[in-house]
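Chemist: predicted model and sequence follow; I will ask about them next.
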Amino acid sequence: MRRVVITGLGPVTSSGTGKEDFWKSVLGNRICLKNIPENFEIGYKYRSRYYSPHPDADLSGYGFPPYYGKVTQGEDKLALIASSLALKDAGFQIDKEGNRFVLPELRSCGVIVGIGISSLENGFHSYLAHVARDRDEIPQSLNSVKIHYNRMVVPMLMPNSVSSWISIAYGLKGPSYTVNAACASGIFAIGNAYQSIRNGTEDVILTGGVECLSDSFGGVMRGFDVLGVLTQSPDGIPYPFSKTSTGFLFSQGAACILVLEEYQHAVKRGASVYAEIIDFQSNSDAYNIVQMDRSGVQIKRLLHNLKQDRRIDYLNAHGSGTHVNDSIEAEAIAEVFGPKERQPYINSTKGILGHTLGASGALETAVTALSIKESRVHGHRVHDPRENLNLVEESIEASVNVAMSTSYGFGGHNAGVLLSRHDRP
Amino acid sequence: MSLEERVKKIIEENLEEKAEITLETDLRDGLNLDSFAMVLIVNALEEEFGITIDDQSFREIHTVSDIVQALKQRCPELQESQPERKMS
């Protein structure tokens, strides 16, 4: 059986970009928050008063051709930055021919990236430009924005562009596609990549997740606010798995690309390994387009299938901070792992980064791999914690040999990966 | 920035490969730009100058200087550093 290991990490978040900065922020519980600005509330009053802004998406400084900046949206830019960081972190030789990167070792490398919803602002603006006969027909509130029918609107809006741009930028000619499973997109992408390498289809795949739902007036964020799923805590911190949690902290965007590699391939080139992926499981609630099945039956099945009879040291939970979902998840964890003292360490990275939607599963898998490699488990802020969970509130040193990361997406998409120390006996 | 410089900058920023651009540069024969590359440039000109460019009239454009002259005819106010119009 071919083994699959993680050899590169490229996180791009508002709390930290690049492995070192990101990991330091996560361990230090560094939350990046902004108040809802005035221009988000021209015609709507937000219930949630905070959001986490997207990180800097400037491609200059990463060596990509300048025109990429003109024809890509935020999610493409974040995915390209994340891929650049991941490839460098994995130690691959990166040459340049003219304006293009060339990776001699990776000509047949695959790319599988998850995304929830692509940025919509270009689409909205192009539609306005299409229907308005002149500037006077555009709402005055948009005076600060350049409204223009963008001839690149189709390649910009197509969600697969995130994978395409990575393949194009680095000349990676293996299978390249995008996976969509809402908030579980990132983890499904990693699962697909794991299966492709394990089955012998590929030796190396760049995989992960990305999201960038930033727009000038907060119109997309409103779509989440009206569903009542965003945090209403007075300080904006979502406090997942607290008895008083009210919803998730909306993140405007983030990305994380991981390098997955067949173990012998990694050994031959002397790569450093974060962790081995030893299982991927997924299922569906088949219940509701937004709500989790209150019985939690499929989540329990997922956790049980991942755990089997193994000792699990750490669980990076979905932990969005949505009150009902936290309850369902907590009950499922307690049922599968038993009472608190028999449970693994449990935390929620969304308690720090907010909910990065399509990127979250990839960022949380990266956190899980780092926890194994560095023997550290991050804490997250909790108010009046749920009593049935072995929550980590302050970051700790802990030996982590086997760890799990799970994601549950709108539409009932459930998935999880199981990671292990690669040099396990 | 003069109109000539703005146009040259837009073209340079939207090329896949670096190239030296002068007013006499021929977009198709000199730079070998294909239809996709031309779409990128037209798109960028439309965004920068807040206009909609007719595809047929752009087919008659050959050099950077032709673009500058067409812009001057189309938008006489675009001489030196003029404020941008937001939309056609």
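Modeler: The structure has been received and is ready for your questions.
Chemist: whichever residue of chain B sits closest to chain A: neighbour count?
Modeler: At 4.0 Å from chain A, residue B:43 is the closest residue in chain B, using Cβ to the nearest Cβ. For glycine as for every other residue, the C-beta is placed from the backbone atoms N, C-alpha and C. By other Cβ atoms under 10 Å in any protein chain shown, 21 other residues sit near residue B:43.
Chemist: report the contact partners of it.
Modeler: A:150, A:151, A:152 (Cβ atoms under 8 Å, 6 or more residues apart in numbering or on different chains).
Chemist: one more time with 10 Å, if that's ok
Modeler: A:70, A:71, A:148, A:149, A:150, A:151, A:152, A:153, B:10, B:14, B:53 (Cβ atoms under 10 Å, 6 or more residues apart in numbering or on different chains).
Chemist: turn those residues into TSV, columns for secondary structure and distance to residue A:21.
Modeler: Output for the contacts of residue B:43, formatted as TSV (DSSP: H, G, I helix; E, B strand; the rest coil; distance: Cβ to Cβ, whole Å):
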residue	secondary structure	distance to residue A:21
A:70	helix	28
A:71	helix	28
A:148	coil	35
A:149	coil	39
A:150	coil	33
A:151	coil	37
A:152	coil	32
A:153	helix	34
B:10	helix	35
B:14	coil	32
B:53	coil	43
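Chemist: show me what the helix or strand of chain B with the lowest mean pLDDT is packed up against.
Modeler: Ranked by mean pLDDT, DSSP states H and E, the helix or strand of chain B with the weakest confidence is helix B:55-59, at a mean of 88. Packing contacts for helix B:55-59, counted by 3 or more Cβ pairs under 10 Å, 6 or more residues apart in numbering or on different chains; DSSP states H and E, involve helix B:35-49, helix B:64-74.
Chemist: which residue ranges of the stretch 1-150 of chain A form strands?
Modeler: Per DSSP state E, counting those that start in this stretch, the stretch 1-150 of chain A carries strands over the ranges A:4-13, A:16-17, A:34-35, A:50-51, A:95-97, A:100-102, A:110-115.
Chemist: single out the most deeply packed of the helices and strands packed on helix B:55-59.
Modeler: Highest mean neighbour count among these (mean count of other Cβ atoms under 10 Å in any protein chain shown): helix B:35-49, with a mean of 18.
Chemist: check the offset of that one from the chain's centre.
Modeler: 7 Å (Cα atoms, centre = their mean, to the nearest Å).
Chemist: likewise stretch B:16-27?
Modeler: In this view, stretch B:16-27 has its centroid 11 Å away from the chain centroid, taken as Cα atoms, centre = their mean.
Chemist: so where is chain B shaky, pLDDT-wise?
Modeler: Along chain B, segments meeting pLDDT under 70 span B:79-88.
Chemist: on that earlier part again, of the contacts of residue B:43, which pair is most distant in space?
Modeler: The widest separation within the contacts of residue B:43, taken as Cβ to Cβ, falls between A:153 and B:10 and amounts to 18.7 Å.
Chemist: what about these two, which has more around it?
Modeler: Between residue A:153 and residue B:10, residue B:10 has the larger neighbour count (other Cβ under 10 Å), namely 21 against 18.
Chemist: contacts only, for that one.
Modeler: Taking Cβ under 10 Å, 6+ apart, we find residue B:10 in contact with A:70, B:21, B:40, B:41, B:43, B:44, B:45, B:47, B:48, B:49, B:64, B:67.
Chemist: and which of these is nearest residue A:163?
Modeler: Using Cβ to Cβ, these come closest to residue A:163 at residue A:70, 19.7 Å.
Chemist: quick one: the closest residue to residue A:175 other than its chain neighbours and chain B, what's the gap?
Modeler: Using Cβ to Cβ, 6 or more residues apart in numbering or on different chains and skipping the chain neighbours, the partner closest in space to residue A:175 is residue A:110 (4.6 Å). According to Cβ to the nearest Cβ, to the nearest Å, residue A:110 and chain B sit 24 Å apart.
Chemist: tell me what residue A:345 is bridged to.
Modeler: residue A:314 (DSSP bridges).
Chemist: touching, it and residue A:371? I think so.
Modeler: Yes. Under the criterion of Cβ atoms under 10 Å, residue A:345 makes contact with residue A:371 at 8.6 Å.
Chemist: just checking, residue A:343 touches residue A:387?
Modeler: No. Using Cβ under 10 Å, residue A:343 is not in contact with residue A:387; the gap is 11.9 Å.
Chemist: neighbour count winner among those two?
Modeler: residue A:343 (18 against 10).
Chemist: look at residue A:107 and say how many residues are nearby.
Modeler: If we define neighbours as other Cβ under 10 Å, then residue A:107 has 12 of them.
Chemist: make JSON lines from the strands of the stretch 1-150 of chain A and add mean neighbour count to it.
Modeler: Formatted as JSON lines, the strands of the stretch 1-150 of chain A follow (neighbours: other Cβ atoms under 10 Å in any protein chain shown):
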{"stretch": "strand A:4-13", "mean neighbour count": "28"}
{"stretch": "strand A:16-17", "mean neighbour count": "21"}
{"stretch": "strand A:34-35", "mean neighbour count": "12"}
{"stretch": "strand A:50-51", "mean neighbour count": "26"}
{"stretch": "strand A:95-97", "mean neighbour count": "9"}
{"stretch": "strand A:100-102", "mean neighbour count": "17"}
{"stretch": "strand A:110-115", "mean neighbour count": "31"}
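Chemist: out of those strands, nearest to residue A:275?
Modeler: strand A:4-13 (5.4 Å).
Chemist: can you pull out the strands in the stretch 251-400 of chain A?
Modeler: Counting by DSSP E, counting those that start in this stretch, the stretch 251-400 of chain A has strands at residues A:253-262, A:275-284, A:314-316, A:345-347, A:376-377, A:396-397.
Chemist: counting contacts, what elements does the fifth one pack onto?
Modeler: In terms of contacts (3+ Cβ pairs under 10 Å, 6+ apart), strand A:376-377 is packed against helix A:19-27, strand A:314-316, strand A:345-347, helix A:360-374, strand A:396-397.
Chemist: list the helices and strands the shortest one packs on?
Modeler: Read that as strand A:396-397. Strand A:396-397 packs on strand A:376-377, going by 3+ Cβ pairs under 10 Å, 6+ apart.
Chemist: for the strand it packs on, give me every contacting residue.
Modeler: Residues outside strand A:376-377 that contact it (Cβ under 10 Å, 6+ apart) are A:23, A:26-27, A:313-316, A:344-347, A:367-368, A:370-371, A:392, A:394-400, A:403.
Chemist: buried among those? Make that a ChimeraX selection.
Modeler: Of the contacts of strand A:376-377, the buried ones can be selected in ChimeraX as follows, counting by 16 or more other Cβ atoms under 10 Å in any protein chain shown:
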select /A:23,26,27,313,314,315,316,344,345,346,347,367,368,370,371,392,395,400,403
